[in-house]
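Participant: Have a look at this prediction, sequence included:
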Amino acid sequence: MKDSRYTTLTGALNDLKKRGYTEDFNLKENCIVCAGKSLELQPEEFYIDEVHRFEGMSNPDDNSVIYAISSSSGVKGVLVDAYGPYAEAITPEMARKLRA
């Protein structure tokens with residue numbers, strides 16, 4: 001798993017899209033979902049290929065993370081989430097998957 005090499009969130013999203021990470025994933029408590037494909041993926045059904053973290057310029061609490069994700073079914077996309085105090089509440093299985 002690679003870590004951040006981008007200086008902006010937008011730059012990372014644009015490059016990942018060019019590299020085939022075209023779907024938008026949303027985080028649920030125990031899975032990720034892709035509304036565009038009506039797809040729900042459990043932790044064992046997807047892989048974290050890259051992680052890119054960003055801190056807010058004006059507010060250190062404004063932190064975000066991009067996960068480049070590929071699924072066992074071949075779907076590739078990104079999940080953008082907060083980290084730190086504003087991170088979503090998720091199950092221990094999802095936490096292990098995303099924080100590995």
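Facilitator: The structure has been received and is ready for your questions. Small disclaimer: the values here were computed from a predicted structure and weren't measured.
Participant: I'd like to know how far the residue nearest to residue 75 when sequence neighbours are not counted sits from residue 83.
Facilitator: In space, not counting the residues next to it along the chain, residue 75 is nearest to residue 23; the distance is 5.8 Å by C-beta to C-beta, 6 or more residues apart in numbering. For the C-beta atoms, the positions are set from N, CA and C on the backbone; glycine is no exception. When C-beta to C-beta, to the nearest Å is the yardstick, residue 23 and residue 83 sit 21 Å from each other.
Participant: ok, now which ones touch the residue nearest to residue 75?
Facilitator: 34, 36-37, 75-78 (C-beta atoms under 8 Å, 6 or more residues apart in numbering).
Participant: In terms of distance to residue 12, which of those residues ranks first?
Facilitator: residue 78 (8.4 Å; C-beta to C-beta).
Participant: Once you drop chain neighbours, what's closest to the closest one?
Facilitator: residue 21 (5.1 Å).
Participant: before we move on, the earlier item: can you say which of the contacts of residue 23 are buried?
Facilitator: 34, 75-78 (16 or more other C-beta atoms under 10 Å).
Participant: And the furthest pair within these?
Facilitator: 75 and 78, at 11.4 Å, using C-beta to C-beta across the buried ones among the contacts of residue 23.
Participant: Run through the residues that contact residue 8.
Facilitator: Residue 8 neighbours (C-beta under 8 Å, 6+ apart): residue 54.
Participant: Check the spacing between it and residue 79 real quick.
Facilitator: For residue 8 relative to residue 79 (C-beta to C-beta), the value is 18 Å.
Participant: got it, and residue 23?
Facilitator: When residue 23 is compared with residue 79 (using C-beta to C-beta), they lie 10 Å apart.
Participant: and if you look at residue 14?
Facilitator: In terms of C-beta to C-beta, residue 14 sits 16 Å off from residue 79.
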